[in-house]
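# task: produce atomic coordinates for the following.
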Amino acid sequence: MMRNAARAVVAMAITTVAALTGVVTGTATADEVAPGTTAQSLFNKPGPHPVATTVRTNPCQESIYGMVQHIGVHIFGNRDDLTCTQAFPNGLDSPIGVNTYYPADIAELPNAPLLVFMAGFDANPGMYDALAKQWASQGFVVEIPYEFFNSLAYVPAMGIATAVLANRDPNSPLYNKIDLSRTVFGGHSGGGQAALQAATVVPPVASLIDPSMRVLGVLAIEPGPVAIGAAIGVPTLFLTGYNDFVVPDFAWVRWWQYNLTFNAPSWIANARGVSHFSPIDGLDNYLSAGTAIAWLQYLAFDDDTAKQFFVGPNWRLPADQTYFSVERNALANAVK
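This is a model prediction of the structure:
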């Protein structure tokens, strides 16, 4: 009787702990997204991890070239000051390189997914410093390759190479800590175009680059025109802006990118009040920053709360008041 009583106490304790941690008989439970909740309000916040990087930024207007860029984006409605590195022509450092961000506590974490993100045409990589730090704080290793034009597939190839070498280097803090089987490409403007190109050419040869490498999907933010949806075979989210006159939602991003994505699940969301340069504004001023995080969390971590915005008959993104219009294709409709 005493033994049975002890077993009952242990079973009750296990059940209680499982309930408190959100796990019952091995099944994870998700927080239900309340009606009216936006992805921005739910996800646009720092993650739980401190961030490590050697990247140093300064106000862009410290250089003549950066001052012109600074004035230009403010004409289009940006509110916060741009940040730049010293990469030429914003400084005297090399115009070609790769900036790396990662969780500072990565040694204590499971292997981290990889995000290779490309800056826009003519954009300094430091303009994406806030976004990169936010993504790294969410648990990603973030590589930002750059070479001024940032618009063709060899640019993400630089980021992949940097990550693969760091993952194999015993002297690197990232040694054996990057999960290449959870690789995501992303980019803004010309960089979004390069991300789409990479999603076309890399997946078929990923195992030749590294036996464990697999491309999970693409985050294409207001991408350039030199990419075609029919060639993409991985899940893709297109984020556009209602106030974007450089990459209008009704132009190529819809004509031959989203509309022609026949071979993979695809989503497109057109945000109110977002211009072409909003992604290099402050995080609170880029109204799709939270949706970008939700997408990355869904792809790389299969986060149940993030998943609710993209998957199922009652997916939440169409009800998100951030967006003027939201669509997904037939393959996305079938995702469960």
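# what does the nearest residue in space to D284 that is not next to it in sequence show for phi and psi?
Leaving aside its sequence neighbours, D284 sits nearest to N44 (Cβ to Cβ, 6 or more residues apart in numbering; 7.1 Å). In this view, the C-beta of every residue, glycine as well, is placed from N, C-alpha and C. Reported as degrees, to the nearest 10, the phi and psi values for N44 are phi -80, psi 80.
# which residues sit against the helix or strand hosting L331?
If you go by DSSP states H and E, L331 is part of helix 330-333. Contacts with helix 330-333, where a contact means Cβ atoms under 8 Å, 6 or more residues apart in numbering, come from P235, F262, N263, A264, P265, S266, W267, F310.
# wait, which of these is closest to T38?
Here the nearest of those to T38, counting by Cβ to Cβ, is F310; it sits at 14.2 Å.
# and that closest one, what is it in contact with?
Contacts of F310 by Cβ under 8 Å, 6+ apart are L237, W267, A294, W295, Y298, L317, R328, A332, V335.
# go again with 7 Å.
The contact partners of F310, taken as Cβ atoms under 7 Å, 6 or more residues apart in numbering, are W267, Y298, L317.
# equivalent analysis for F76, please.
S275, H276, F277.
# please repeat the previous calculation with a cut-off of 6 Å.
Contacts for F76 (Cβ atoms under 6 Å, 6 or more residues apart in numbering) come out as S275, F277.
# okay, it: pLDDT?
F76 carries a pLDDT value of 92.
# now swap in the one 3 residues further on and tell me
According to the prediction, R79 has pLDDT 96.
# that one contacts L283, doesn't it?
No: with contact defined as Cβ atoms under 6 Å, R79 does not count as touching L283 (11.3 Å).
# so for those two, which sits in the more crowded spot?
The residue with more neighbours, out of R79 and L283, is L283; 19 against 11, by other Cβ atoms under 10 Å.
# neighbours of D81, just the number please.
Counted by other Cβ under 10 Å, the residues lying close to D81 total 14.
# over to Y154?
The number of residues packed near Y154 is 12, by other Cβ under 10 Å.
# mind listing what's buried along the helix holding L331?
If you call a residue buried by 16 or more other Cβ atoms under 10 Å, then helix 330-333 has these buried ones: A332.
# and of the contacts of F310, the nearest to G97?
Of the contacts of F310, the one sitting nearest to G97 (Cβ to Cβ) turns out to be Y298, at 30.1 Å.
# skipping its backbone neighbours, what lies nearest that closest one in space?
Nearest non-adjacent residue to Y298, counting by Cβ to Cβ, 6+ apart: A306, 4.2 Å away.
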